[in-house]
Structures are given as C-alpha cells and as structure tokens.
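Engineer: sharing a model that was predicted from the sequence below.
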Number of protein chains: 2
Amino acid sequence: MNKYLQYDPWSIIEEGFQENKQLASESIFSIGNGQIGQRANFEEFYSGETMLGSYIGGIYFPENIANLNKKNGYSSNSEKIINAPNWSSIHVRLNDEKLDLATWDVKNFRRVLNMREGILERTFEATSFKGHRIQVTVKRFLSMAETEVAAISFTIKSLNFEGRISFQPLIDGEVKNQNTIYNESFWNILQTKTEQDVSFLWAQTRKKDFHFCAALSYVLYKNNEHLNINPTKIEKEKVAGFSVGTDVKIGETVCLNKYIAITSSLKHSRDELTEYACNLSLASRKKGWNQLYEEHTKVWNKIWSEMDVMIDSDLSAQQAIRFNIFQLIQTYNGNDERLNVHPAGFSGEKMNGATRWDTEAVCIPFYLGNFNHNVARNLLNYRYLHLPKAIQNAVKLGFDKGAALYPAATFNGNESVNEWEQSFEEIHRNGLIAYSIFNYIRYTNDYNYLIECGLHELIAIARFWQQRVNFSEEKSQFVLCGVTGPNSFDCNVNNNWFTNYIVVWTLKYTIESIEKIKKLDIEKYEKLRNDIQFNNDEIAEWNNIADKMYFPVNNNTGIILQQDGFLDKYKIKASEIPAHQLPVSLNWTWDRILRSSLICQPDVLLGMFLFDDSFERETVSRNFDYYEPFTVHESAISYGIHSVIASNTAKEQKALELFLNSCRFDLDDLSCNVADGLHVTGMASSWLAVVHGFGGMSVKNDHLHFTPRIPSEWNAFSFSVMISLFI
Amino acid sequence: MNKYLQYDPWSIIEEGFQENKQLASESIFSIGNGQIGQRANFEEFYSGETMLGSYIGGIYFPENIANLNKKNGYSSNSEKIINAPNWSSIHVRLNDEKLDLATWDVKNFRRVLNMREGILERTFEATSFKGHRIQVTVKRFLSMAETEVAAISFTIKSLNFEGRISFQPLIDGEVKNQNTIYNESFWNILQTKTEQDVSFLWAQTRKKDFHFCAALSYVLYKNNEHLNINPTKIEKEKVAGFSVGTDVKIGETVCLNKYIAITSSLKHSRDELTEYACNLSLASRKKGWNQLYEEHTKVWNKIWSEMDVMIDSDLSAQQAIRFNIFQLIQTYNGNDERLNVHPAGFSGEKMNGATRWDTEAVCIPFYLGNFNHNVARNLLNYRYLHLPKAIQNAVKLGFDKGAALYPAATFNGNESVNEWEQSFEEIHRNGLIAYSIFNYIRYTNDYNYLIECGLHELIAIARFWQQRVNFSEEKSQFVLCGVTGPNSFDCNVNNNWFTNYIVVWTLKYTIESIEKIKKLDIEKYEKLRNDIQFNNDEIAEWNNIADKMYFPVNNNTGIILQQDGFLDKYKIKASEIPAHQLPVSLNWTWDRILRSSLICQPDVLLGMFLFDDSFERETVSRNFDYYEPFTVHESAISYGIHSVIASNTAKEQKALELFLNSCRFDLDDLSCNVADGLHVTGMASSWLAVVHGFGGMSVKNDHLHFTPRIPSEWNAFSFSVMISLFI
C-alpha cells in the first residue's frame, strides 16, 4: 500500500513531484471519454520512468503466438490493446534547453485530476541547468461531448528567463506496446503531413487493418495575445507537427493550445480519415478552448447530477467513490456495442485490455442502475454478436450441436487468452453471460431482447453445460470436472460449487425462458426452434441434470465447499501472512498459492452475491465468516462484492472496511501494481457496495427494494439510481 | 501408425524413396556415438521437406523467455538443445545441375541403417532435368572409437552422363533451431578458414560461450584412383569447405571421402580448438576410411557381443529390440557425467532435448544391466552435481532448510521447463532420483556413493517432502495437494497415490540409509550431519509423516485410486476412442483429456513396477486390469513398463502385445510424431520388458533372480546382463 495523494471531495491531488510514483500517477490520473483515453504521460519530453499509453477503444492487435503454443485448441494469436501514436506530446525548449522534469529542478509541483469537470491539470516551477526558471500550467481534457477531440493548454511564465521559448506540438508514431513478445511495432505509419494550419499522422495496424489518424492544430498566445508566427513544419517518418516559438522577457507568459482530432476506421471510411481528422482539428481550434470545455463539462455536470454518490463525513471515501464512478464512465458510457469495459480502462495494457466476465458480474449492474437501459443492452449485444464465435470456439474444444463457450477474454469474440486454466476451464463465464440476460430483463422488462437474442445465447450455453457435465457412477450424480472457478487462486478442480450452481441455474432459467417466449410469441419461438434444431428431449435432459447435480458440502459444519478437496488444503488465513509476502500473487509461487486455502476473490460467496434471494441470511453469514478470512482480495472486484454481502448480513463494520478497500484499491495501490494500470471493473463493485450494500437496493419481481443501513462512522450518504424500463 | 520400413534382423531398411516420410526417416535413421549425433539429413542439397539436426551432447542454449513469463518462480530462460553447424553437407553438381532428390527423378532408392556396424548407407539412381543419370552410394558413420570423428563416403557412377561431376564438402553454419521462439540464430560464427588440405568453421553459442569447431578434409577418387586436383576454396561468412570436381565418361565412378573432426570447448580449451580440429581431421584422412571404420565397428562388435537380445521367430520384434538398444547406446554410453539420456537422443529438438525423470525410471536400469557400474554412476553423479541448484530451486519456490527440488527438465541443473504443472507440481521426479540411488546400490553395493553423495541428496529430498506435505484436519492424515503425477494426462491433483507412496518410501529409505551410514562410517556421518545441520527431530517428523500419510483407495473395489476424485472422471477406455481421434494428445483439447479417465502412461502402475516386492501379485493384477484399459500409452515409456507388469502377473499375451508396441513405437510411428525425433528413453523400457518382464530378472537382497517366461509365439529368446559390483 502506498498513500501519497491528498484527500479532496472532487479531485485527486499530488502535491510535490513524486518521481518514484510517476508510473502509478500516470495510471491514476489517466483520462478518457469512453471511446479514447490515455495515461497521464507528461506532454513535454520526460527522460524518467514512464509508460506511454494512448488507446482507442475497439482497436486491438492479434500478436502471433503460434511458436509458443503448447496446447491443442489454443488460438494462434493473442489479442491485445494497442498503444496508439501519442497525440498529447508537446516538447518545450528554453533556447536550446529541453524541459525535462526528470533532470530539471522542480518545485511546487501539483497535479490535479478534477473529476467534477473531467480535466487534468498540472502546475510547477522548473529550473534548468543554466538556472532558467519558469512556471508552468498544463491542462488537458478529452471531450465527452465530441469524443474524437482532445485539447491541451500549455502555459509558461518566465520567472527569470530572457530568450526564446519554443513548443513542438506533435503526433508521435514512434510507439510500442510494453506488453509485446517480439518487441515489434504494431503500426505502419502511412503518412505524416504538415500543412500551414494542421498536421496529421495516419497509421495502420500491421494486422486487422485498423486505420488511425490524429490531426493537430494550435494557437499560440503571448501575454494572452494571439501570436501569428510562421511555424517550422515537422514531417518526419513517424512524427508530425510543428515547432513554434517566441522570445520572452522576465514575467511574460506564453501559452500554446493544442487541438487534436483522434479518429479511426471504426467510425470513418479509410479514404476520408485524414481529411475528416484535419477538418475536425481545425473546427475545434475555431471553436476554441472555452467553448469546447463548456460542452465537455456540460456532459460531466449531467452525469454527476444523475449518478453522484455523496458520503458525508468521510472525505477519503467520498473522494474514492467519485474516482470509481469517474473512471468507470471514462472507460465506458455505452454508445457503441463493439466496445466493452476494459479491465484497466484506458490506463494501461494490463490483462491485454480484453473484456472478461467482470463485465457481467459487476459492471452491468452499475450501468443498469445509472443509465438508460440501452447502455446495458449494448453490453449484452456485445456478447450476442459474439455468439457465432462462441459456438465455433466450442466446436474447436470438441463440443457440438450448437453448444457455445464464450472466451475468457476477448475483443471481438475470439479467445485472446492462451492459458488452458482460463480459456478451457474457467467456464463459469458462460453462466455469468446467461445471468446478465436475466439481470437485464429483471431491471428493464425487455423481453424483446430475450426473443431476439437472449434465448439463442441461453440455449447455446445450456447445450454447452449438457455436454460439459458427466455422470459420476460413484456419486450417482452429475459432476463437473476440470474447472477453474471464480477464485483465480485455484484451477483444474472438480465440482467447484459456484460453477455447478450456475450450471443448474442456467438450465432452469433457460427452460423458464423458453416457456415465457412460447407464451409471448409462439411464432418466433417456433422459428427459433427450427433454426437451431432444438427439441424437447434437450429440456428433459437439462431437467435431469438440474435435479441430479452434485454440490460439495461439509456435512459436519454445513459450510458449502468451494470445491472437492478444499478441506485438504493447507489452511492459512489472510491475516497470518507476513506483510512482506503480500500481495501473495506477486510473492508466492503459483503451486504454493494453489495448495493453500487462500482465496483471491469470492467464489462460493459470488454465488451468494448473485443469487441473494436463494439463500437464508444465516447460511450466507456462516459461509462469509468461513471464507472471508481466507480471502486476500487481490482481485479488484473482491472487496466490493464482499462488502455487499457483509451489509446484507448485518456485518456493518466489516462492510465499511471492505468498501473502503474497494473504493481506494487504486488510489492507495492495494494491489502494488497500479503502475501498470487501474482496476476499472473493480470500481463497479465499489458502487455496488454503496447502492446494493449500504443502500440495500434490489430488484425483485418487478419491484425495487431498499433496505438502507449506514455505517456508524458516517453522518449521511446518498445516491441516485435510474431504472430504465423497456417500453 | 505408419509402417513403411522393411523387416530385417540387423538393419532398418527403406526401399523406394518415401518422400512424404522423409522427416520420419531422418529421425529413425539418425546416427550418434553417445557424444555427438545427427538426423539422417541428406548430404547433398535437398529442396524437399527436411529438418536439419546435428547435435553435440552437453551444448545447449538458454533462450530468453522473460517476456512470456507468467508465473512467479519461473526462470527467465528455457534451455534447449542446439542445432549445430551442419558437418555432413556435400553438395553435388553434374555440370551446372545440382543433385536434389526432391526434383530429380529417383529410382531404386534404398536406405539402410546397419545396426550391427553402426553405419548409414544410401543407394539410388537419379536422373536430372537434362536426362543425366547417375548411380549413387553414400555411407556415413560417427566413430564410436574416436567420438570426435565422422566420415562420409559419397560415390557416383555415371550411367549416361559425360561431363564434370563436382563435390562441395562443407561445414555449414547457416543453421537455426526449428524450436525457437524468436527465430534467432543461436550461433556466432567466429571464423571460417580453408587452407590447402583442411577447412574449418569455428563458432560460439550466443549465450553460455560454448565453442564449436568442425574441420574437414577429403580425398577424391576416380575409378578408385586417388585424384590430386587443386580444389576451389570456399570461405564464406558462415560456410567453409571446398569445391572440387572432375570430368567423367559413361560408366566411370567418382568418389569423395569426407573426414570431419567435430570438437567443442566441452573437451578442449577454446584457443586450441581450431588447431585440434584441423589436426584431427587430417589425421583421420591419413588413417583412411577402412581403418577408421574398422576401429568403429570393433566397438559395436563388442557392444553386441555383450548386450544383444535375440528373439527367435519374430523378425519384427528382433529388428525392433536391436533398434532400441542401438539408439540407446548411440545416445548415451556413459563416459561423461555432464551428459545424460536426451529424450529424443540426437534425432531432434523434441522436449528441448532436456533430461527428465525417464532417466531414473527406465534408463538407469538398462545401463545397470549392461555396462560397468561407472556408467550408471555417471548418471547418478549428474544429479549429485546438480544438488546445489536443486536446493536453490527449492528456495525460489518458498522452501528452506536445505530442501531440494530437482528440475523437471534440465541440462545443467537449472529448470528448463516453464509450465507450472510440470516445473512446480510434477514433483515425484524427486522421489525417482532417490529411487535411483537405492536401485544403483542394490545392483552394485556401492555404499561409497551413498556416503559421498547419495545421502546428501536423500536428506535434501526428504526435507523437501517434509515441507511439501500438509496435515489435513478433516482426514487426520498427511496429504499432498497440487501435484502432477506420472500420468501426464492430469495435473494439479490432490493426493496422487504414486507421489504419496514415493514420498513415504523416500522418507523411510533416507532413515534406513542414515542408519546404514552410521554403522559404516560414523565419522563421515557426523561430518555430514554437521555440514548440513541435520538433527534427529527431522527423523522423528519423517517417521510421523510416513506413519500418517493418506492414500486414496476405492473402498468398494479395493482398487488403489490414482488420485482423489479419479472416480468422478468421465470414464472412457482407450479402445472406445475412434481411430481418427488418436493420438488424443494431438487431437483432444487439454481440458477434455484432463477430465477423462484416459491415462497417458503408468501412474499407480509405475509404483507397482518400481516397488514390485511390496505388492501382492493379485493386487498388482487387479490394478493392472483396472487401469491399463484407460491407458493410451502416448508416452514412450508406457508400453514397456506395462509389459513388465503384465509378464509378472502372468498376462502373457498382453505382455507380448505391449512389448511389441514398445519396441516398435518409433519404427511404426505409433505416436504420429516420430518426424520430430525418436523416443529414446522409451527404448529402455522395451529392454526392461524383455529382461525384467519375459526374463523375470530382479535384484533382491544381493541376489540376482530370474523367472523366465516365453511368449507362445516365440521359439526362443536370449539376452545377456552384466552386473558390475563395486569392490
């Protein structure tokens, strides 16, 4: 854990330049608008430790891993988020000295992420080798109103310097991923071009043919007066931009505003891309900083008016829950069904930036509670559009008859993970996708989705389960061997209780859904039945499996067992682990983790969180008391989910403690790896801890319920929810 | 299965050029002398499918895999056998036409591996595009007498050609591994040099600084007369050699004999290497083909006189068992404790060419029964020399107090596997290393080894077991969670019976050995005890674990269970698998294999094979009948071990069938991957099937026992054994 940030209700603040925290700050101060985003890399040259990161939602790269492939059924590519050409770069020179915070003397450094308005601001004084001293203010935002526009304002006041201050606003295509096996560039730079007013860089990914173009224009001010100086054009092989400067005297101020259009072939045809980008950059310059900013903040104002969470009397929690909501919305706000919630948002390359089951477990409930139902529906459509690939994936793994296995991590429906423990065995994700359909419909009553899309998915998933279970003659029950449950600290186990549970639940829900659709629209049902050659024998077998599924239980204590053999594990509680061995995922070897009782994130308890109606409160409480002490919460979604359960079982103090760890997971770097990127999906679980936990919100039988409780440390807390019915 | 070879008692014969079997033939016809070896690549240029392979025992390359590393505790390198500069290359031209069997018309092709004398011979007629016809005979051997010398004789008779025939005898450093992640060359070529009589190529591995030099000299004959022609020198960046030719008329014969010295820094100082190689090549030329060959065959004659196995009335078995013995001895014959039995011998890059526990399970018994005890002792020394690294490895994995975990696969004691299922969990290898000490001593009575080396290893291994088990409160017994047993079709299981068994056995044998040494040499024992800070509390704890270890058993049937949960698996027998799905390791996905009852190689039965005295014959028989039908024998050592057990439990027909599959595993390509290399360690298990199985040989209480039985199909069989006591 590493606390170095200031508390503030609306801002994240770094006081004094924490050079050794720069990587963490780049993640924490990252900004995005749901479509594009970037780490808080400095605009100017920086020779210190940094990890460049600019990302376009929906653009990824399939890195060839055929040479490394070890298992039959692996794909030959690993898809990963791409570090895009750096559009925020503005190098600065004082005469021939290049501003560089790693080598210059820095004072009064202050970095602020203003979450209310979605702007990143940095102020500092810096002194060069030659003793030249300047005061700098840099602001940037990615417009939430026009999601292809970014703006940066770089202001320098001379404190003792007389001479030339020059700026180089650039688009820099000399970028690589940190996460690359072969250290290759993922981009072909197609063109760099600098005209009088606008400069652009046009690039293409080396595979998949995604096109990208960023164009920049600028305005230069001196003492708030617009300066019209002919710039030097920069048009290198991989870099485009301008170099422009002016002489200053002591006390004078120069400012460069950079207006960047960031466009891609996801939204425009390839042959219009450069023109569109240039026009958009020039139009943004014409519009000017103030108007762009006003349009941008208007969106944030609306968001906060609709979904702010207020916590009275706990500044640390207040700041953190807003940070969680802010980063979630920066990552995904729902207009494009091709996008999803990246686990690290736009803050790093962590986990390849691919979508995992966190979306269905914790993110969809957040979007269901805060946005028009179309946003959640887009997240559901994302999976529906991938159904054909999920069916292909199942075929590749030896299943047939229209069974589907969704990928463990994906961009476009392909499996992008090639670790068999996950890709082949961590199959409860299928159940969570089924659950998300149920969840969406109970919030929205959108049975239309069930008819048009959902039932296809449910039947394909049920068919997968039917083939994946087998009948144990010894037990005379159905069993599920070789699975990796939600607890990512175990794998290849038999009869993971959660997986067995969600299998039975899916089978039953699919049968219910079939009955429902038959009543709602028998014609569409018959068409579907015909299309996918579905017959009633399948329903009979699903009922049979649901009736005869085995569930591991400790008969002595009544505790549900995470899996067969759990009781044989070396028992150690999280509290018994010496501090220097934490986090265990970074300090213990994998085998040691596997054979210990340590739990990364809820497993049995995930079932009790999702299906809270189905368990007695006393049962939940007993299992929580048994499992939570083994849990190290090294997955970001863990604290929040546990906090909800703690609230629901009247463990008020525990619920608060877990919530605080959840919402401050990244701000206080509990995982010791925030430098690599944020844990955005975990942030949704923080919101759940407030609304479903303390607020006690639930949706049951077409009714919204609240059972609010308040931690004794708090004076008050409030939240809004939006329940958007499909009509 | 792919049969295309002829039966013969002493030779492997390919009649007619089987172009689509070339990769398989390159493996099967490979030659070696225990120090160096190579695939049966054609000497002349070949544009068809080929996998170049020339190998020097003990030279390996640590390929950097840090970018791919996923688990804490993995090493940053993967060590692999290196494809060395190709010393057998002799390009041939008829005027300007280059001989190439992939494009020329080939007739009467015959390839013979003469195992009695250890020589590879190839004859064929070939017709060029222009209609030029020649008859070719090529012979080559790697001297068993002078293990740094190879000789090749390339004879061409013109059938209709008049013109110039030229040869280019080369050392070709333009080679790569097939098994490489980054497609990089592992060699720096330091020098190529061609003088009047001799040409050499000197190279260095890009890591580890192994030096290699091959030097060649030649003699050219025309119609059996020595021709003295000034050659053209070839001295390219990565290729050295000569080009030399002569005009021929129809019916005339030219022959080039190439004498190659293949030397490395394993045996010579780096600064003398090139000189030594050149001198050795020239001395070999001076000695001449006939004398070199005579010295070479003399070694083979002695070997066959001492360790031939004769099978009367089964030509297929007769050929195959000799092939097995031949390839084993080509791979390892025991003069260098730095070498070991590569799983693929010198026939490919399979499994990186690293040493695995097959050595202790089946190879050491072969060498104990056929050679002076020093050979087996060298294989034991190999592990003893690696003990410090095994202790380091255990520390890396979180163990302490001098516990050792030997690597799953290695060249120099480092772990070269980075798959946690193996490197971290497949820990019974530790027990097999302990077993090899017991086995060696029972054959040789070499208690000196126990005092000097073995006890260090045993105590370090016992200490590892002590820390690796844990006490299950539920069972009130010790358990062993998260292991991968001998059956490589499963992993991360709890309480693998074999592993639990060998743990207990090791603990008891270590305690016995301590008692023995105390009696033999109390002073040395006290010194050891002091050196490794060993105390009697450890013995007490080992006894406690041995007394209270849990073993999984099916109480209904009395069958020993391979592991907890085995009975839940999807039950399918090998005979039920459709032919097109075999081998399952190439056709089924890993998860499907894992959750099925299929077994790759003996697991429970490995215990009954190793500790045959400790089980009632009826128990062994019952477990064999239960497990063998699930076994697909896709590991090379499986058939042979099963055959021994079948013999010992009076399953004569089954024993024969299993033996035939064992000894013909590669000749008939049962694994469908002989193209990648042979399965040399499995060949040792074929020998065991004859000697320990049909011959019923065993060593018990200082006595040699035989219980011979003969398959009804055979008239007679015979074998020799050499039991070499340490005196």
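Structural biologist: Cool, the structure landed.

Engineer: okay, CA-based contacts and neighbour counts for the rest of this
Structural biologist: Noted.

Engineer: neighbours of the residue of the stretch 351-500 of chain A found nearest chain B, how many?
Structural biologist: Residue nearest to chain B within the stretch 351-500 of chain A: A:Ser472 (4.9 Å; CA to the nearest CA). Under the neighbour criterion other CA atoms under 10 Å in any protein chain shown, A:Ser472 is assigned a count of 18.

Engineer: next up, the contacts around the closest residue to it other than its chain neighbours.
Structural biologist: Nearest non-adjacent residue to A:Ser472, counting by CA to CA, 6 or more residues apart in numbering or on different chains: B:Asp568, 4.9 Å away. Neighbour list for B:Asp568: A:471-475, A:479, A:481 [criterion: CA atoms under 8 Å, 6 or more residues apart in numbering or on different chains].

Engineer: enumerate the residues of the stretch 501-650 of chain A near chain B.
Structural biologist: Counting by CA under 8 Å from any CA of the partner chain, the residues of the stretch 501-650 of chain A close to chain B are A:564-565, A:567-570, A:585-592, A:594-595.

Engineer: pull out the buried residues from those.
Structural biologist: Neighbour-count burial (16 or more other CA atoms under 10 Å in any protein chain shown) applied to those gives A:564-565, A:567-570, A:585-586, A:588-592, A:594-595.

Engineer: is A:Val691 located within a helix, as I assumed?
Structural biologist: Yes. Checked against DSSP: H, G, I helix; E, B strand; the rest coil, A:Val691 lies within a helix.

Engineer: so where's chain A shaky on pLDDT?
Structural biologist: A:1-2 (pLDDT under 70).

Engineer: I figured A:Ala408 was touching A:Trp357, is that so?
Structural biologist: Yes. Counting by CA atoms under 8 Å, A:Ala408 sits close enough to A:Trp357 to count as a contact (7.2 Å).

Engineer: more neighbours: which of these two?
Structural biologist: Using other CA under 10 Å, the more surrounded residue of A:Ala408 and A:Trp357 is A:Ala408, with 25 against 22.

Engineer: next one: phi and psi at the closest residue to that one other than its chain neighbours?
Structural biologist: Spatial nearest neighbour of A:Ala408, excluding adjacent residues (CA to CA, 6+ apart): A:Ser423 at 5.3 Å. Backbone torsions of A:Ser423, given as degrees, to the nearest 10, read phi -60, psi -40.

Engineer: ends of stretch A:304-324, what's the gap?
Structural biologist: Using CA to CA, to the nearest Å, the end-to-end distance of stretch A:304-324 comes to 13 Å.

Engineer: go ahead and measure how far it is from the middle of the chain.
Structural biologist: 19 Å (CA atoms, centre = their mean, to the nearest Å).

Engineer: again, but for stretch A:91-101
Structural biologist: Distance, centroid of stretch A:91-101 to centroid of chain: 35 Å (CA atoms, centre = their mean).

Engineer: may I see the buried residues of that stretch?
Structural biologist: For stretch A:91-101, burial by neighbour count (16+ other CA under 10 Å) applies to A:91-94, A:98-101.

Engineer: and A:Lys267, how many neighbours?
Structural biologist: Residues within reach of A:Lys267, counting by other CA under 10 Å, total 9.

Engineer: show the backbone phi and psi for it.
Structural biologist: Per degrees, to the nearest 10, the backbone of A:Lys267 is at phi -120, psi -10.

Engineer: how near is it to A:Phe326?
Structural biologist: Taking CA to CA as the measure, A:Lys267 falls 25 Å from A:Phe326.

Engineer: and the buried ones among the residues of the stretch 501-650 of chain A next to chain B, which two are the farthest apart?
Structural biologist: Spanning the widest gap among these are A:Asp564 and A:Leu586, at 26.5 Å by CA to CA.

Engineer: give me the nearest residue to A:Gly565, chain neighbours excluded.
Structural biologist: Once flanking residues are discounted, A:Gly565 sits nearest to B:Asn494: 7.2 Å by CA to CA, 6+ apart.

Engineer: got a list of what the one you found touches?
Structural biologist: Here B:Asn494 is in contact with A:565, B:479-483, B:563-564 (CA under 8 Å, 6+ apart).

Engineer: that older thread, same list, the buried residues of stretch A:91-101, but as JSON lines with distance to B:Asp603 please.
Structural biologist: What follows is the buried residues of stretch A:91-101, written out as JSON lines (distance: CA to CA, whole Å):
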{"residue": "A:His91", "distance to B:Asp603": "65"}
{"residue": "A:Val92", "distance to B:Asp603": "68"}
{"residue": "A:Arg93", "distance to B:Asp603": "70"}
{"residue": "A:Leu94", "distance to B:Asp603": "73"}
{"residue": "A:Lys98", "distance to B:Asp603": "67"}
{"residue": "A:Leu99", "distance to B:Asp603": "66"}
{"residue": "A:Asp100", "distance to B:Asp603": "63"}
{"residue": "A:Leu101", "distance to B:Asp603": "62"}
